[in-house]
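S.K.: give me the fold of what follows.
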Amino acid sequence: MSEAPAVLVQLGWRAGWWACRSLRAAGFRVIGGQDEAAIAIRSRACSRLVRYPLPRSRPEEFVGALEQICAENEVAAVLPTDDEVVRLLAAHLPRPGGAVVVGPTLEQFTRLADKSALAVLAGEAGFASPRGVVVGPEGARGEWPALPSMVKPCVTGADSEQGLVSRKPVLVRSEQERAAAVRELVDLVGEALVEEQVRGAAWRVHFVRDPSRTLTLALRALRSYPLYTGQGSVLQVAPAPGGLVAAAERLLSLVDYRGPGSIQLIERDGRFYVHDVNLRLPLTVGGTIRAGFDMPRLAVESALGRPLAPAPAGARPVTYVSLDGELRRLRDGLRGRETGASVPRIAADLVLAALGHHRVLDPFHLRDPLPMVAAPAEAVRRARRLRRKEGTPEPTPGASLDHRSVDARC
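M.R.: Now for the predicted structure:
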């Protein structure tokens, strides 16, 4: 028996590398899990790298392999970092090899990942929700929201004949664009959700919750890329506006979720519109850790039955910068395209984030460089694999809502 509990961390997303480093520093034995289709990348914080079938296209084989991996390695906890894997484990493998899964039950996932159910819960918690309509093969089940609109799957990681489908929201500006985007989703998974485009300041609440308390940290998205539809690329830890944290806690208590996650919101005219809820580590967890809120450690310790440590006295005012997002912005700025920021400002933010104590350039990490070096190649491979699988270019990424908004994978 190992002297330290073993934790299997799903790699392949940026949050996985940060989780490995966090848990290793906390004294856990960290095993990195990666699908067989990905480039083999091992963090220095991992004691071992294990491979399993691709969850999206071979879910049954993935579940069986994970069960065996956890049993053979005496894994105490599994920390998934991807929505599809969170859903698979909740539905089919809540105790892999006897390990605890750091994530939701199937009921919790369904109630918060189903956008229609989320709208009802958000209203009960005191949030606003964008106007929207569910569209099935028979047509829209209500009135269309005004254009421009966002078209997205009703459920994160929806099932299809090709396996699990994860599609980012698409911004549509005309009835023709809306019809094409809706038809594609309905043909693929049976339903689509069309919501009004809400513009405003984008916020997120990162949290870890256990039976007795909820620890939170608020961040404001300063920039995203591509403009209006892309992921948050520059975010800053900031004091939460009045009532935001209390409403977030009420939302989680409605389903009694215990674990890590993030709530993404848009502030417009003093009201907060819930865009998405992710019941896993956010991709931007590197900024959260640097601010003093060690989400991976707290989440795993809580799942193993240890009480949450006291909240930090005060979060550091960290600025998070996404390397890939801002490099794409810089490239397009040099080509004369509209990017929402000047070329000197973009370049300065990248340099300062690499050097500054209160800044994070993700996935840049001097003491663990391999994930940063291999990440671009893996991103290209992943995009090409998706295009080959679906037979069409991947849809334009989108989130709710303007250049400060964030999408579902943030």
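S.K.: show me the contact partners of the helix or strand encompassing Thr288.
M.R.: Per DSSP states H and E: Thr288 is located in helix 285-290. Outside helix 285-290, the residues within contact range by C-beta atoms under 8 Å, 6 or more residues apart in numbering are 14-15, 18-19, 22, 206, 217, 219, 235, 237, 282, 295-296, 316, 318-320, 358, 360, 362-363. (Glycine included, C-beta is placed from N, CA and C.)
S.K.: C-alpha coordinates for that helix, CSV please?
M.R.: Written as CSV, here are the backbone C-alpha positions of helix 285-290 (Å, rounded to 0.1, in the frame of the first residue of the first chain):
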residue,chain,number,x,y,z
VAL,A,285,-7.8,27.0,-12.5
GLY,A,286,-4.2,28.1,-12.8
GLY,A,287,-5.2,31.7,-12.0
THR,A,288,-7.4,30.5,-9.1
ILE,A,289,-4.5,28.5,-7.6
ARG,A,290,-2.1,31.4,-8.0
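S.K.: now the helix or strand immediately after that helix in the chain: buried residues?
M.R.: Following helix 285-290 in sequence order, the next helix or strand is helix 295-303 (DSSP H and E). By 16 or more other C-beta atoms under 10 Å, the buried positions in helix 295-303 come out as Met295, Pro296, Arg297, Leu298, Ala299, Val300, Glu301, Ser302, Ala303.
S.K.: which residues touch the closest residue to the last one other than its chain neighbours?
M.R.: What that stands for is Ala303. Nearest residue to Ala303, sequence neighbours excluded (C-beta to C-beta, 6 or more residues apart in numbering): Val102, at 4.5 Å. Contacts here follow C-beta under 8 Å, 6+ apart; on that basis Val102 touches Ala77, Val78, Leu79, Pro80, Gly259, Pro260, Ala299, Val300, Ala303.
S.K.: just to check, the second one is in contact with Leu66?
M.R.: What it means is Val78. Yes. Using C-beta atoms under 8 Å as the test, Val78 is close enough to Leu66 to be in contact (7.4 Å).
S.K.: just the ones in strands from the contacts of helix 285-290, please.
M.R.: Mapping the contacts of helix 285-290 onto strands (DSSP state E) picks out His206, Leu217, Leu219, Leu235, Val237, Thr319, Tyr320, Val360, Asp362.
S.K.: let's have the residues you listed in CSV, adding pLDDT.
M.R.: Shown next, in CSV, are the ones in strands among the contacts of helix 285-290 (pLDDT from 0 to 100):
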residue, pLDDT
His206, 97
Leu217, 95
Leu219, 96
Leu235, 96
Val237, 96
Thr319, 96
Tyr320, 96
Val360, 94
Asp362, 92
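S.K.: quick one: which two of the residues you listed are the most distant?
M.R.: Leu217 and Asp362 (15.9 Å; C-beta to C-beta).
S.K.: mind listing the helices for the chain?
M.R.: 14-25, 59-72, 83-92, 106-113, 115-125, 175-189, 244-253, 285-290, 295-303, 323-334, 343-355, 370-390 (DSSP state H).
S.K.: which among the ones you listed is found nearest to Cys154?
M.R.: Once these are compared by C-beta to C-beta, helix 115-125 is nearest, at 5.4 Å.
S.K.: in PDB, list the C-alpha atoms belonging to that closest one.
M.R.: This file holds the C-alpha atoms of helix 115-125, laid out as PDB (Å, rounded to 0.1, in the frame of the first residue of the first chain):
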ATOM      1  CA  LYS A 115     -29.900  24.200 -20.200                       C
ATOM      2  CA  SER A 116     -33.700  24.200 -19.800                       C
ATOM      3  CA  ALA A 117     -33.500  22.800 -16.300                       C
ATOM      4  CA  LEU A 118     -30.700  25.200 -15.500                       C
ATOM      5  CA  ALA A 119     -32.900  28.200 -16.500                       C
ATOM      6  CA  VAL A 120     -35.500  27.100 -13.900                       C
ATOM      7  CA  LEU A 121     -33.000  26.500 -11.200                       C
ATOM      8  CA  ALA A 122     -31.300  29.800 -11.900                       C
ATOM      9  CA  GLY A 123     -34.600  31.700 -11.500                       C
ATOM     10  CA  GLU A 124     -35.200  30.000  -8.200                       C
ATOM     11  CA  ALA A 125     -31.700  31.100  -7.000                       C
END
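S.K.: in it, which residues are buried?
M.R.: Lys115, Leu118, Ala119, Leu121, Ala122, Ala125.
S.K.: packing partners of it?
M.R.: Here helix 115-125 touches helix 106-113, strand 132-136, strand 192-196, helix 244-253, strand 271-278, going by 3 or more C-beta pairs under 8 Å, 6 or more residues apart in numbering; DSSP states H and E.
S.K.: need the contact partners of that helix.
M.R.: Outside helix 115-125, the residues touching it (C-beta under 8 Å, 6+ apart) are 110-112, 128-129, 132, 134, 152, 154-155, 193, 195, 247-248, 250-251, 254-255, 274, 276-277.
S.K.: any of these buried? List them.
M.R.: Buried among the contacts of helix 115-125 by 16+ other C-beta under 10 Å: 110-112, 128-129, 132, 152, 154-155, 193, 195, 247-248, 251, 254-255, 274, 276-277.
S.K.: quick one: which of the ones in strands among the contacts of helix 285-290 is nearest Gly32?
M.R.: Distance to Gly32 across the ones in strands among the contacts of helix 285-290 (C-beta to C-beta) is lowest for Asp362, with 17.8 Å.
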